[in-house]
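A.B. asks: Quick one: sequence plus predicted model below, questions after.
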There are 2 protein chains.
Amino acid sequence: MDLKALHSVSYGLYVITSKDGERINGQIANTVFQISSEPPTIAISINKQNLTNELITKSGLFAVSVLRQETPLSLIGQFGFKSGRDVDKFAGINYRTTPQGLPYLVDDALASIEAKVIQSVDAGTHNIFIGELTAAEVLKQSNPMTYAYYHQVKRGSTPPSAPTYIKENERRKGMDIYECTICGYEYDPAEGDPENDIEPGTPFAELPDEWVCPVCGAGKDAFEKIG
Amino acid sequence: MDLKALHSVSYGLYVITSKDGERINGQIANTVFQISSEPPTIAISINKQNLTNELITKSGLFAVSVLRQETPLSLIGQFGFKSGRDVDKFAGINYRTTPQGLPYLVDDALASIEAKVIQSVDAGTHNIFIGELTAAEVLKQSNPMTYAYYHQVKRGSTPPSAPTYIKENERRKGMDIYECTICGYEYDPAEGDPENDIEPGTPFAELPDEWVCPVCGAGKDAFEKIG
């Protein structure tokens, strides 16, 4: 059985949010699909260990912020590689709330969808929550972030058609790629880290000591040279 | 509530197959996601009225062929706009079978995944089938067909970066776009219908009388001018 077959399944990228009383939380997920159109229902799959699962189970409500392609890695790191049990994930984030009071992202969401849980399915490590839409809003016209695109960006790889593309055999000394051992982000000196003002052409060794992984926030010592 | 919010959810495109004894069938679906990794499980959502739903319910088995981006519209029409109750959808199709004997596509599938149903969820108009993987194979290295890409191609629209792109205001007389009233395919004379040897630049009126919609097979009289 070659589980790489699962890599060809396509996904978008979403922040799923919920609340319990005053407590709000959200997490990255790629597992959202529509089920029926009348009434409009969607399904999401959420790991049972996550705080968001706990809040959805308690409130019977969830909201989906559909991320746009330009979403910075740092936002995905904030909602995907941290736990709401440890940090307030919405600190510093521009958000509004749905009619039922669930947070949704303003700057990086194409659309916001609010749903009430009509069925919760125990699927082993995860719950599938089936929700009937209670509110839906288009926020921006742009391309959605896909899981494939995110992995391409996170790998620091650039399509050959892009102006910053450098052929492997043209890679210069000191331009080795380093990978974050925590989250898999790859620092490619040819790309730099524009979100954090690191210009293309900056070798890993010349990154400032205070530089951290743009996805998960790990320090430089969590990185290993991979090529 | 603006249901267009649901249009920003990203999907791939798949042929879901099943069998009951000697009887095989398959259908287009865009609703596939992975749930857990140990054991590997996936969820699919299938309309209750479809023959494939009936076969999955009877056999407790389904297979997913992940379609590649180059999949011709005619194949999507064959599996998406016809019913296995009326036609043998696999007539003329190059297919092989999974270990349990379920058909999967050879020419246009990137991967084949076979699963046995471990849970069936009644979700109104649809069933969600949760399956544990029993076999998985990578067949090709290429890009998957996404639902967004399919709609772009079906609309006859071409990205501005493509060589065949013609600006709206450069459109010449006789180059009106016609839409299939059955399936929504748009015939754009600027694109032609290369799958059926209709060259770019062929006005709708000059299509041969025997020409049919490349997606659903409807005749020319099912088309209406839209622009």
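C.D. replies: Structure's in. What do you need?

A.B. asks: C-alpha from now on. contacts and neighbour counts both.
C.D. replies: Fine.

A.B. asks: counting contacts, what elements does the helix or strand where A:Val64 lies pack onto?
C.D. replies: Applying DSSP states H and E as the criterion places A:Val64 in strand A:61-67. Identification of packing neighbours for strand A:61-67 by 3 or more CA pairs under 8 Å, 6 or more residues apart in numbering or on different chains; DSSP states H and E yields strand A:14-20, strand A:103-105, strand A:109-123.

A.B. asks: The nearest residue to A:Ala109 once chain neighbours are set aside: neighbouring residues, count only.
C.D. replies: Among residues not flanking A:Ala109 along the chain, A:Leu67 sits closest, at 4.6 Å (CA to CA, 6 or more residues apart in numbering or on different chains). Using other CA atoms under 10 Å in any protein chain shown, the number of residues around A:Leu67 comes to 29.

A.B. asks: In chain A, where is pLDDT below threshold?
C.D. replies: Within chain A, the segments meeting pLDDT under 70 span A:156-173, A:227.

A.B. asks: Now do the strands in it.
C.D. replies: A:14-20, A:23-29, A:32-37, A:40-47, A:61-67, A:95-97, A:103-105, A:109-123, A:126-138, A:178-180, A:186-187, A:223-225 (DSSP state E).

A.B. asks: tell me the domain boundaries of chain A?
C.D. replies: A:4-153, A:170-226 (the TED database).

A.B. asks: deepest of those domains, which one?
C.D. replies: domain A:4-153 (a mean of 20; mean count of other CA atoms under 10 Å in any protein chain shown).

A.B. asks: measure it end to end?
C.D. replies: 20 Å (CA to CA, to the nearest Å).

A.B. asks: Would you mind measuring from the residue most central in space within chain A to chain B?
C.D. replies: In chain A, the centroid-proximal residue (CA atoms, centre = their mean) is A:Ile76; its distance is 3.6 Å. To chain B, A:Ile76 is 17 Å away according to CA to the nearest CA, to the nearest Å.

A.B. asks: Around chain B, which positions in chain A sit nearby?
C.D. replies: Residues of chain A lying close to chain B (CA under 8 Å from any CA of the partner chain) are A:1-6, A:8-12, A:31-36, A:45, A:66, A:110-113, A:121, A:123-126, A:130, A:134-138, A:143-144, A:146.

A.B. asks: Please repeat the previous calculation with a cut-off of 6 Å.
C.D. replies: When proximity is defined as CA under 6 Å from any CA of the partner chain, chain A approaches chain B at A:1-2, A:5, A:10-12, A:111, A:135-138.

A.B. asks: And the residues you listed, which is closest to B:Cys183?
C.D. replies: A:Ser10 (23.5 Å; CA to CA).

A.B. asks: That closest one reaches B:Gly12, doesn't it?
C.D. replies: Yes: using CA atoms under 6 Å, A:Ser10 makes contact with B:Gly12 at a distance of 4.6 Å.

A.B. asks: Identify the residue spatially nearest to A:Gly26, adjacent ones excluded.
C.D. replies: A:Thr17 (4.0 Å).

A.B. asks: That neighbour pairs with what?
C.D. replies: Going by DSSP bridges, A:Thr17 is paired in beta bridges with A:Gly26, A:Ala63.

A.B. asks: Please report how far it lies from A:Ile44.
C.D. replies: Distance from A:Thr17 to A:Ile44, counting by CA to CA: 11 Å.

A.B. asks: Then A:Ala218?
C.D. replies: To A:Ile44, A:Ala218 is 29 Å away according to CA to CA.

A.B. asks: before we move on, back to that, determine which of the domains of chain A approaches B:Asn25 most closely.
C.D. replies: Per CA to CA, nearest to B:Asn25 of the domains of chain A: domain A:4-153, 21.1 Å.

A.B. asks: how far does that closest one sit from the chain's center?
C.D. replies: Its chain's C-alpha centre and that of domain A:4-153 lie 9 Å apart, by CA atoms, centre = their mean, to the nearest Å.

A.B. asks: residue contacts, the residue nearest to A:Ala115 when sequence neighbours are not counted?
C.D. replies: Using CA to CA, 6+ apart and skipping residues adjacent in sequence, the residue nearest A:Ala115 is A:Leu133, 4.2 Å away. Applying CA atoms under 6 Å, 6 or more residues apart in numbering or on different chains, one finds that A:Leu133 lies in contact with A:40-41, A:114-115.

A.B. asks: cool, A:Leu73 as well?
C.D. replies: By CA under 6 Å, 6+ apart, the contact list for A:Leu73 reads A:Val215.

A.B. asks: how about the domains of chain A in CSV, adding distance to B:Pro103?
C.D. replies: Converted to CSV, these look like this (distance: least, CA to CA, whole Å):
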stretch, distance to B:Pro103
domain A:4-153, 16
domain A:170-226, 36
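
A.B. asks: Compare the ones you listed and give me the one nearest B:Thr202.
C.D. replies: By CA to CA (comparing all of the domains of chain A), the closest turns out to be domain A:4-153, at 31.3 Å.

A.B. asks: Distance check, A:Leu73 against chain B.
C.D. replies: When A:Leu73 is compared with chain B (using CA to the nearest CA), they lie 19 Å apart.

A.B. asks: now swap in A:Gly219 and tell me
C.D. replies: 29 Å.

A.B. asks: next one: A:Glu22
C.D. replies: Taken as CA to the nearest CA, the span from A:Glu22 to chain B is 25 Å.

A.B. asks: repeat for A:Pro103
C.D. replies: For A:Pro103, the distance to chain B - CA to the nearest CA - is 16 Å.

A.B. asks: Skipping its backbone neighbours, what lies nearest that residue in space?
C.D. replies: Residue nearest to A:Pro103 in three dimensions, not counting chain neighbours: A:Thr97, with 4.3 Å by CA to CA, 6+ apart.
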